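*Asks:* predicted coordinates and the sequence they were generated for:
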Amino acid sequence: MASPASLTTESDLDRAICLCSETAAVDFKSAFNPGDKGEFLEIIKDILAMANSGGGIIVFGLLNDGSPTGANLNGIASLDPAKITDAIYKYTDCQFSRFELWRRVKNGHEVWALVIDQTSVPIVFSQTGNYLDSAGKQKNAFSGGMIYFRHGAKSEPGNSEDLRQFIERRLDSIRHEWLDGIGKVVEAPSGSVVQVLAPGDVTNVAAKVRLTASLDAPSLPVGAIDQGWPHRQKEVVASVNKELAGTKVINANHILNVRRAYNIEANGDFCYTQKYASARYSQAFVNWIVEQFKANGDFFEKAKEVADRKRSAPASTP
């Protein structure tokens, strides 16, 4: 089984669904009703505990031994990811949308998997999430001021060891990024020159290299990633909203649907992917989105339909 932070490929997802028991990175839920406040808040706690612990997967429709329940999962099948993002923001004052919902089939039964990425900064609940249980008694899914991590198959308040492990994971990620850069320098052809530039300074670069495998792509100076692909996803959202000037207000989920529907990560003109850092996006991507919306007011809705079809494509597991 891959490490929690890498549980994002379809093969890893299918292996997780085939497990016969829960782990710190894989949690089974027999059913889920998003309309039940208690169940919804408990899932929010699990999502953030997994994100703080390096990432993981919540599989709906499985018992603790991994066998399918055959439960009706229409509620989660129709769940808008934006509802989860909004709830996380409400209780944490933090925008977190690094998760994906996938449909799978196990032993002839439908299951749904929520794949959660790791966060680069620990997310703390800013307010308590309370609800009434079936007996009418108030319960707290999580408490304000607390940070949650995975302890075995449970989501529990964090301790010093959890924070130490979080820092170790972050340092390891940075270490890999540095070593990757050092490797590129070591493997550079004899006679290559390494130059140190101020951010955005590409005027004094003598050598020019291609930052893409496409031979048709234009050459760019070394270090020009910030200039050629200046936007992170949240900045794409802000730039598109600025261009649309209130005719349409979008959020991270709109951009996520566009990325999935149009395979944006494979388009070097729009996206620059990095192994140990989040993808970067060009101004051309922003302009293209705005043009598409102006040509078709249903652009974002159509993108969501295509993304949902791709996301829910059946894939049988043993």
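*Replies:* Ah, there it is.

*Asks:* how about the strands in the chain?
*Replies:* Along the chain, the stretches classed as strands by DSSP state E are 26-29, 56-60, 99-106, 109-116, 129-132, 138-142, 148-151, 154-157, 208-209, 220-221, 271-272, 280-281, 316-317.

*Asks:* make CSV from these and add mean neighbour count, mean pLDDT and distance to residue 17 to it.
*Replies:* Glycine gets a C-beta too; all of them are placed from N, C-alpha and C. Listed next are those as CSV, based on neighbours: other CB atoms under 10 Å; pLDDT from 0 to 100; distance: least, CB to CB, whole Å:
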stretch, mean neighbour count, mean pLDDT, distance to residue 17
strand 26-29, 25, 94, 9
strand 56-60, 24, 94, 6
strand 99-106, 19, 90, 6
strand 109-116, 22, 93, 6
strand 129-132, 16, 94, 28
strand 138-142, 16, 95, 25
strand 148-151, 23, 96, 18
strand 154-157, 16, 94, 20
strand 208-209, 12, 50, 42
strand 220-221, 18, 48, 42
strand 271-272, 18, 90, 29
strand 280-281, 23, 91, 32
strand 316-317, 12, 46, 5
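
*Asks:* mind checking which of the ones you listed is nearest residue 181?
*Replies:* strand 208-209 (13.9 Å; CB to CB).

*Asks:* so which of the strands of the chain gets nearest residue 295?
*Replies:* For the strands of the chain, proximity to residue 295 was assessed by CB to CB; strand 280-281 is nearest, at 20.0 Å.

*Asks:* same for the closest one, what does it pack against?
*Replies:* The contact analysis (3 or more CB pairs under 8 Å, 6 or more residues apart in numbering; DSSP states H and E) places strand 280-281 against helix 233-244, strand 271-272.

*Asks:* so which of the strands of the chain comes closest to residue 165?
*Replies:* strand 148-151 (8.2 Å).

*Asks:* give the other helices and strands that the closest one contacts.
*Replies:* Strand 148-151 sits against helix 37-52, strand 154-157, with contacts defined as 3+ CB pairs under 8 Å, 6+ apart.

*Asks:* mind putting the strands of the chain into JSON lines with distance to residue 37?
*Replies:* Formatted as JSON lines, those follow (distance: least, CB to CB, whole Å):
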{"stretch": "strand 26-29", "distance to residue 37": "16"}
{"stretch": "strand 56-60", "distance to residue 37": "17"}
{"stretch": "strand 99-106", "distance to residue 37": "20"}
{"stretch": "strand 109-116", "distance to residue 37": "18"}
{"stretch": "strand 129-132", "distance to residue 37": "4"}
{"stretch": "strand 138-142", "distance to residue 37": "9"}
{"stretch": "strand 148-151", "distance to residue 37": "18"}
{"stretch": "strand 154-157", "distance to residue 37": "17"}
{"stretch": "strand 208-209", "distance to residue 37": "54"}
{"stretch": "strand 220-221", "distance to residue 37": "50"}
{"stretch": "strand 271-272", "distance to residue 37": "38"}
{"stretch": "strand 280-281", "distance to residue 37": "36"}
{"stretch": "strand 316-317", "distance to residue 37": "32"}
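
*Asks:* what sits against residue 144?
*Replies:* Under the criterion of CB atoms under 8 Å, 6 or more residues apart in numbering, the neighbours of residue 144 are 125, 126, 127, 128.

*Asks:* returning to that earlier point: which of the helices and strands packed on strand 148-151 is buried the deepest?
*Replies:* A comparison of the helices and strands packed on strand 148-151 by mean neighbour count, using mean count of other CB atoms under 10 Å, puts helix 37-52 on top with a mean of 22.

*Asks:* okay, that helix in CSV with CA atoms only?
*Replies:* Provided in CSV are the C-alpha atoms of helix 37-52 (Å, rounded to 0.1, in the frame of the first residue of the first chain):
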residue,chain,number,x,y,z
LYS,A,37,-25.9,17.2,10.5
GLY,A,38,-24.2,14.8,12.9
GLU,A,39,-23.0,12.5,10.2
PHE,A,40,-21.8,15.4,8.1
LEU,A,41,-19.9,17.1,10.9
GLU,A,42,-18.2,13.8,11.8
ILE,A,43,-17.1,13.4,8.2
ILE,A,44,-15.7,17.0,8.2
LYS,A,45,-13.6,16.0,11.3
ASP,A,46,-12.3,12.8,9.5
ILE,A,47,-11.4,14.8,6.4
LEU,A,48,-9.3,17.3,8.3
ALA,A,49,-7.8,14.7,10.5
MET,A,50,-6.6,12.8,7.4
ALA,A,51,-5.4,16.0,5.7
ASN,A,52,-3.4,16.9,8.8
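
*Asks:* and that helix, what does it pack against?
*Replies:* Contacts defined by 3+ CB pairs under 8 Å, 6+ apart place helix 37-52 against strand 26-29, strand 56-60, helix 81-92, strand 109-116, strand 129-132, strand 138-142, strand 148-151, strand 154-157.
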